[in-house]
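A.B. asks: dropping a prediction and its sequence here:
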Amino acid sequence: MNVAEHPKAEFVAGLRAAINDGTFVKLSLGKFRGEGEPRKAVATLVMIKDKPQLKLVTSFPRKDDTKTFPIERGVESIARSIGAEFMSATLFTSARDLRLDYSRKGIPHLASGKPTMAASAPKSHDRQKSYLVAPDRPYLKALDVTDRDGRIKPTMQGKYKQICRFIEIAADLIPEGDFEKDRPLTVVDIGSGKGYLTFAFYDYVTTVLNRSCQITGIEVRGELVKLCNDLARDLNFKGLTFVADEAARASSEAMDIVIALHACDTATDDAMAFGIQAGARLILSAPCCQHELAPQIHDTQNGLRGLIKYPLLKQRQADLVTDAARALLLEVSGYKVRLIEFVSTEHTSKNILIAATKSATVDRSAARQQFQELQETIGFSKQHLASQLKAAE
Ligand SMILES: C[S@@+](CC[C@H](N)C(=O)[O-])C[C@H]1O[C@@H](n2cnc3c(N)ncnc32)[C@H](O)[C@@H]1O
């Protein structure tokens, strides 16, 4: 490490040079000594409308604040904050790391060392993803996800991430449905709750995909149904309606897409059975609490005693087996199934999303065989989706 004579000026010159010669990876700011909540910040390059910009993400204890700047304005803003708010700054380039630290007495010290990160091209998809669910969409404000200024409320960060992730997954899978373009897309959301994902899905389909759609949210709680219908009317979301009903009673007229996100317990099975019978080409379901299998799991002489004697592990085992059983039954019904991590476990432990797309090439008899083996090994006799499908035969 070498000590510099004009540390801050040299650091900022190093930042400019790295951006210009393409070696810049990222810059981090720490040791916050300014006013207000503690924070740290990271700057990276992103492409916006084919132009590189500096994206600065400032992390507060309960939220992140993201700003993008034209390069020079971003460099100037970072330069102003170094030594005033942030007492430590590290520049990561593919050629070297450069670190500027201020002592307690405010004396800067610059040190350079070997690079710890490789250079990466500016990420254009950053913008693409946030663009799928832009925070300024009016429905987000109406649902109290954002505040008056269009900022995500600190308590709603998790929900916003969940909405973004759901739309990202849906955006990847909808093309596989190969839905006819000349008619409205028909969608049912079972256990729609306060409608966060239903409104997001409607908004995505109508504004990003630019397609018309008929979406019905089914929810047992009448007060939520009223709230959502009022909101859909206020937002002029034509074709979005909510119905107070039980998942199991949903009529299975033909449907393109069925969604069920964290619909409680066997309501997830009802939603899947509904989707299969309605001939849905895409079923997106994130299971919630599961109570059906755990009481049935017993020692089948298959070496599970050491696992199921601990109630917590027995429940986890039951959760996994329930999801596997559902996935296999969807395959038996002619769906290609993918299990996807939905959101970080930091927000909910119920973070698996079962994505099923109708396919003619699934080995349905292999899936049937695997379901039977699972049933025999784990020792359960009743599973709600299996019963629903049998009843419909
Ligand atoms: C955890 S919330 C999820 C809401 C919404 N899908 C979301 O992800 O934001 C589950 C919702 O499912 C509803 N629900 C539970 N069982 C149901 C059933 N059998 N039929 C219809 N709705 C049900 C609950 O009332 C609740 O509002």
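C.D. replies: Happy to help now that I have it. Numbers count the residues shown, from 1 in each chain.

A.B. asks: just so I have it, where are all the strands in the chain?
C.D. replies: Listed in chain order, the strands found in the chain under DSSP state E are 24-32, 40-48, 51-59, 64-70, 86-93, 97-102, 108-113, 185-190, 213-219, 240-244, 257-261, 282-286, 335-341, 352-358.

A.B. asks: now do the contacts for V75.
C.D. replies: Contacts were defined as CB atoms under 8 Å, 6 or more residues apart in numbering; by that measure V75 touches V12, L15, R16, I19, L54. (Glycine included, C-beta is placed from N, CA and C.)

A.B. asks: which one of those is nearest the ligand?
C.D. replies: For these, the closest approach to the ligand (CB to the nearest ligand atom) belongs to L54, at 34.7 Å.

A.B. asks: tell me the pLDDT of the closest one.
C.D. replies: At L54 the predicted local distance difference test score is 90.

A.B. asks: and if you look at P38?
C.D. replies: Each residue has a pLDDT score; the one for P38 is 91.

A.B. asks: next one: the spatially closest residue to it that is not a sequence neighbour, what pLDDT does it get?
C.D. replies: Spatial nearest neighbour of P38, excluding adjacent residues (CB to CB, 6 or more residues apart in numbering): F32 at 5.3 Å. Among the per-residue scores, F32 holds a pLDDT of 95.

A.B. asks: count of residues packed around F32?
C.D. replies: As a burial measure, the neighbour count of F32 was computed by other CB atoms under 10 Å and equals 19.

A.B. asks: where do the helices of the stretch 251-393 of the chain begin and end?
C.D. replies: In the stretch 251-393 of the chain, the helices defined using DSSP state H, counting those that start in this stretch lie at 267-277, 305-308, 311-332, 364-378, 384-392.

A.B. asks: related to what we said a few turns ago, verify the contact between the residue nearest to P38 and R39 for me.
C.D. replies: Yes - under the contact definition of CB atoms under 8 Å, F32 touches R39, with a separation of 5.3 Å.

A.B. asks: quick one: the residue nearest to P108 when sequence neighbours are not counted from K161, how far?
C.D. replies: Spatial nearest neighbour of P108, excluding adjacent residues (CB to CB, 6+ apart): P7 at 3.9 Å. Here the distance between P7 and K161 works out to 38 Å (CB to CB, to the nearest Å).

A.B. asks: the two: which is more packed in?
C.D. replies: With other CB under 10 Å as the criterion, P7 and K161 differ in neighbour count, and P7 comes out ahead with 20 against 16.

A.B. asks: you'd agree the more buried one is up against G106?
C.D. replies: No - with contact defined as CB under 8 Å, P7 does not reach G106; the gap is 11.6 Å.

A.B. asks: what's the end-to-end length of stretch 205-213?
C.D. replies: Across stretch 205-213, the terminal residues are separated by 7 Å (CA to CA, to the nearest Å).

A.B. asks: what mean pLDDT does it get?
C.D. replies: This predicted structure assigns stretch 205-213 an average pLDDT of 92.

A.B. asks: show me what that stretch is in contact with.
C.D. replies: Where contact means CB under 8 Å, 6+ apart, the residues beyond stretch 205-213 that reach it are L132, A171, I174, K181, P184, L185, T186, V187, Y202, I215, F237, G239.

A.B. asks: show the buried residues in these.
C.D. replies: Of all the contacts of stretch 205-213 considered here, the ones buried according to neighbour count by 16 or more other CB atoms under 10 Å are L132, A171, I174, P184, L185, T186, V187, Y202, I215, F237, G239.

A.B. asks: the fourth one: what's it in contact with?
C.D. replies: Shown here is P184, whose contacts under the criterion CB under 8 Å, 6+ apart are R211, S212, C213, Q214, G239.

A.B. asks: what's the answer for the first one, then?
C.D. replies: When contacts are counted by CB under 8 Å, 6+ apart, L132 touches C164, I167, E168, A171, Y204, V208.

A.B. asks: tell me the contacts of the residue nearest to K314 when sequence neighbours are not counted?
C.D. replies: In space, and not counting its chain neighbours, K314 is closest to I308: 4.4 Å by CB to CB, 6+ apart. The neighbourhood of I308, defined by CB under 8 Å, 6+ apart, consists of I297, H298, D299, K314, Q317.
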